[in-house]
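Visitor: Could you work out the structure for the sequence below:
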Amino acid sequence: MSRMFILSAALSVALSHLTWGQNCSDHCKACGGPENNQCLQCQTGFILHDNLCVDIDECGTDLDQCPHNTYCFNTRGSYECKGCDKACVGCMGGGAARCKKCAPGYRSSGLRCMDVDECGEEVLACAGLNVFCVNTEGSFQCQCAEGFTRREQNCERQQTSASAEKGLFDDIQEDELMVLQQMFFGVVLCALATLAAKGDLVFTSIFMGAAAAMAGYWLSDKSDRLIDTFMKGR
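Guide: You can find the predicted model right below:
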């Protein structure tokens, strides 16, 4: 009976010095006091060492469960899975220098996976005429030259619409054309009249002939219009 009493008393004293969660230092689940070196049990992600709770490096102990083409990044009490660089197929850390293998479109150069410039390679990347190569990160594109469009595997010249092929004066009206003709003849007559006024017999003759031709053309056009009007009125 006395032995049971002694054990109960000792257990009570021990429990009185044991604190669960409250007033414990960071990462301690149970402790004998508030100091870091008084931990008795650690939280998840930590291990007890000399009454201290030390972070477990899951990335260095094969405890991580990161999927393919990601790498483990240790954090305080846990870890994260981060994506590998796009130049990598599998990696041991961030960046193109930590690749396990280079992805298609990249090659190992100076301990790094570097982009392959397919457009600068000796083998012609883009076959065919009127096409040029544009290098991209990890790949390349074949683009048609200006004025050409892709049809299936070939670059063909773009077909312009009928409206785009019209000439400068294709949409001009008949009345507008007549005004332009009269303006042109007027400018020519003025130039000849200026030269004729200087007394040059040759230009005087040309001016008189041009004036007569202009008058004849004007009278002929007027008579044609009068005849057309008369015929339509019948």
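Visitor: Can you name the element that comes right after the helix or strand containing residue 135?
Guide: In this structure, residue 135 sits in strand 131-136 according to DSSP states H and E. Of the helices and strands lying after strand 131-136 in sequence (DSSP H and E), the nearest is strand 139-144.
Visitor: Go ahead and name everything in contact with that next one.
Guide: 105, 118-119, 125-126, 128, 130-134, 150, 155 (CB atoms under 8 Å, 6 or more residues apart in numbering). No exception for glycine: its C-beta is placed from N, CA and C like everyone else's.
Visitor: what mean pLDDT does that strand have?
Guide: Across strand 139-144, the average pLDDT comes to 90.
Visitor: ok, then the element right after it?
Guide: strand 148-151.
Visitor: Which strands and helices lie in contact with whichever helix or strand comes after that next one?
Guide: With elements assigned by DSSP H and E, the helix or strand that comes after strand 148-151 is strand 154-157. Judged by 3 or more CB pairs under 8 Å, 6 or more residues apart in numbering; DSSP states H and E, the packing partners of strand 154-157 are strand 148-151.
Visitor: CA atoms only: put the strand it packs on into PDB for me.
Guide: The C-alpha coordinates for strand 148-151 follow below in PDB (Å, rounded to 0.1, in the frame of the first residue of the first chain):
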ATOM      1  CA  PHE A 148       1.800  35.400 -98.700                       C
ATOM      2  CA  THR A 149      -0.600  33.300 -96.700                       C
ATOM      3  CA  ARG A 150      -0.400  29.600 -95.700                       C
ATOM      4  CA  ARG A 151      -2.500  27.100 -97.500                       C
END
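Visitor: who touches that strand?
Guide: Counting by CB under 8 Å, 6+ apart, strand 148-151 makes contact with 130-131, 144, 155-158, all of which sit outside it.
Visitor: how does it look with 6 Å?
Guide: Residues lying outside strand 148-151 but in contact with it, judged by CB atoms under 6 Å, 6 or more residues apart in numbering, are 130, 144, 155, 157-158.
Visitor: mind listing the strands for the protein?
Guide: For the chain, strands defined by DSSP state E occupy the ranges 19-20, 28-31, 39-42, 46-49, 52-55, 70-75, 78-83, 106-109, 112-115, 131-136, 139-144, 148-151, 154-157.
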